[in-house]
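K.L.:
fold the following.
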Amino acid sequence: MAITPSSSELYDLPCPYILSKKVLGTGSYADVYECKNTVTGAHFAAKRFNKKLIYGLELMLQREFQVLKAVLRGHRNILLMVDYFETADYFYLVTDLATGGELYELITQAPGKHTLADTRSILHSLLSALAHLHANGIVHRDIKAENILFTSRNSRTSLLLLADFGHAQILTGGELAQYCGGTLSYLAPEVVRREGHSFPVDMWTVGVLCYVMLCGYMPFDCDTDEETKEYILKADYVFEPEEYWCDVPDTAKDFISQCFRVDPADRITAEEALKHAFIADYETPSMSSSSLQRLHKAVWKLHNSRQHSSANLKLASSTNLAKTFSASSLAESSHSSIPKVLAASRAKLASSSVQNMMKDVPGLLLSAPKSQDNLSALMGGKCYSPEIVTAFTTPVTSGPNSRQHSQNTLHSLLIKLLSPPAVTTTAIRTGNADFML
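P.N.:
Numbering: from 1, shown residues only. Presented below is the predicted three-dimensional model:
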């Protein structure tokens, strides 16, 4: 028998987000909408997962949540998770809002406007994000032009954000990731061979991106998949035709060649790439989120120091989320041909894996629980369906501006966390009601 939510698991919290009808992006099992926080007025992106469509994709969803939580402390070029919640039919993942479109659009829809300086700027930001991920044991595994976003269309103020962590994995103790698919033209040789792989796969794709940004076409894109694989396995690429590459400096070609090493051990690392002659003298824009990062680390440290007093609270919270995750998304799957016994087995596995995923990771509070008994709100509130509007009447506050809201609320939260222990639980619960990263 499949696990089902208990009658006490009601979706009765008010939702502090309003969604726009306009779809910012769509996928096979999730759509992305602009949303507005009713408390702060800040605009974000809400990735909405249909519980009936994610059967068989639980691991990918787990990874995305897990990795986004792991980078919760933040990097200026990584799409940050702001909040998450669920309704009876959907999971919502709230992140930074990127209104500047994708790198793919920049490459394909603005021919002649993409300069060498643009390429170096984009690569510097991307490599900075990758160096941060790799230093924290995270391999992305799905870097491509469609997963690199910009906070605005103003080139002077826009910030690059690395997004989509569905294929990402946290590696520990020399662990290797296993084959998970991907876009063939971006795959490294070891992935094509379906071998265990690690951080160097991301650097191969950086080489692909650099190549396509400089000339406008893919280095490994043949008439058939088999032919494409052969060229990838040999790193068989050329800087031709001549007219496409005559103005590209040798340092850029050398950078690409160091990314396209067949042996991953010989491939340049993200840290090394930042020091490469093609990248090193690029100056990072003055806009910085270091103040926010320091504040966030201080809050995180204080929060962790008090976790021993709320261990039972966290266990109850993660258990409730695991039940809802497994029951709503698996037992009620739209794949009616799947045997109920198999669904029950998968549901139990999902329940266990979600519990493990949430263990020891502080949750974000969506809103203050109605009572001490409503502990599930600690790991993502169970809410009414959010209000949906045709368009917002307030200006969009995206990217760095949203993070400025975060800085203000973190200041407030830090003061509350420093208050006497007797009121700590209430203070944290209230502070996280509009806790923005």
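K.L.:
so in the chain, where's the weakest helix or strand by average pLDDT?
P.N.:
Across the helices and strands of the chain, the lowest-confidence element by mean pLDDT, DSSP states H and E is helix 424-431, at a mean of 33.
K.L.:
neighbouring contacts of stretch 142-155?
P.N.:
Residues from elsewhere that reach stretch 142-155, judged by C-beta atoms under 8 Å, 6 or more residues apart in numbering: 79, 96-104, 106-107, 122, 126, 130, 157-164, 166-168, 182-183, 186, 202, 205-206, 208-209, 212, 398-400. The way it works is simple: take the backbone N, C-alpha and C, and place the C-beta from them, glycine included.
K.L.:
could you tell me which of the residues you listed belong to strands?
P.N.:
Residues of the contacts of stretch 142-155 located in strands (DSSP state E): Leu160, Leu161, Leu162.
K.L.:
among those residues, which one lies nearest to Leu57?
P.N.:
Of all the ones in strands among the contacts of stretch 142-155, Leu162 has the smallest distance to Leu57: 21.2 Å, by C-beta to C-beta.
K.L.:
now that closest one. Nearest residue, chain neighbours left out?
P.N.:
Closest residue to Leu162 apart from its sequence neighbours, by C-beta to C-beta, 6 or more residues apart in numbering: Ala129 at 4.6 Å.
K.L.:
residue boundaries of the strands in the protein?
P.N.:
Taking DSSP E as the test, the strands found in the chain are 17-26, 30-37, 43-50, 81-86, 90-95, 138-139, 148-150, 160-162, 169-170, 387-389.
K.L.:
want to throw those strands into a markdown table with distance to Ala117 and mean pLDDT?
P.N.:
Listed next are those as a markdown table, based on distance: least, C-beta to C-beta, whole Å; pLDDT from 0 to 100:
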| stretch | distance to Ala117 | mean pLDDT |
| --- | --- | --- |
| strand 17-26 | 28 | 89 |
| strand 30-37 | 30 | 91 |
| strand 43-50 | 28 | 91 |
| strand 81-86 | 31 | 84 |
| strand 90-95 | 28 | 89 |
| strand 138-139 | 29 | 93 |
| strand 148-150 | 16 | 93 |
| strand 160-162 | 14 | 94 |
| strand 169-170 | 33 | 89 |
| strand 387-389 | 39 | 89 |
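K.L.:
select, out of the ones you listed, the one closest to Pro219.
P.N.:
When the strands of the chain are compared by C-beta to C-beta, strand 148-150 sits nearest Pro219, at 17.4 Å.
K.L.:
measure the closest residue to Leu171 other than its chain neighbours to Val212 for me?
P.N.:
Distances taken as C-beta to C-beta, 6+ apart place Gly137 nearest to Leu171, at 5.3 Å, with adjacent residues excluded. Distance, Gly137 to Val212, by C-beta to C-beta, to the nearest Å: 28 Å.
K.L.:
quick one: terminal-to-terminal distance for stretch 82-91?
P.N.:
Its first and final residues considered, stretch 82-91 spans 14 Å by C-alpha to C-alpha, to the nearest Å.
K.L.:
so Thr205 makes contact with Tyr186?
P.N.:
Yes. Between Thr205 and Tyr186 there is a contact at 4.8 Å, judged by C-beta atoms under 8 Å.
K.L.:
contact partners for the residue nearest to Leu171?
P.N.:
Gly137 sits next to Ile170, Leu171, Thr172 when contact means C-beta under 8 Å, 6+ apart.
K.L.:
kindly state the beta-bridge partners for Phe85.
P.N.:
Under DSSP bridges, the beta-bridge partners of Phe85 are Tyr92.
K.L.:
coming back round to it: just the ones in helices from the contacts of stretch 142-155, please.
P.N.:
Among these, the members found in helices (DSSP state H) are 103-104, 106-107, 122, 126, 130, 202, 205-206, 208-209, 212, 399-400.
K.L.:
now, of these, which are buried?
P.N.:
103, 106-107, 122, 126, 130, 202, 205-206, 208-209, 212, 399-400 (16 or more other C-beta atoms under 10 Å).
K.L.:
the closest residue to Leu130 other than its chain neighbours: how many residues sit nearby?
P.N.:
Spatially, and ignoring its direct neighbours in sequence, Leu130 is nearest to Ala270 (4.1 Å; C-beta to C-beta, 6+ apart). Neighbours of Ala270 under the rule other C-beta atoms under 10 Å: 21.
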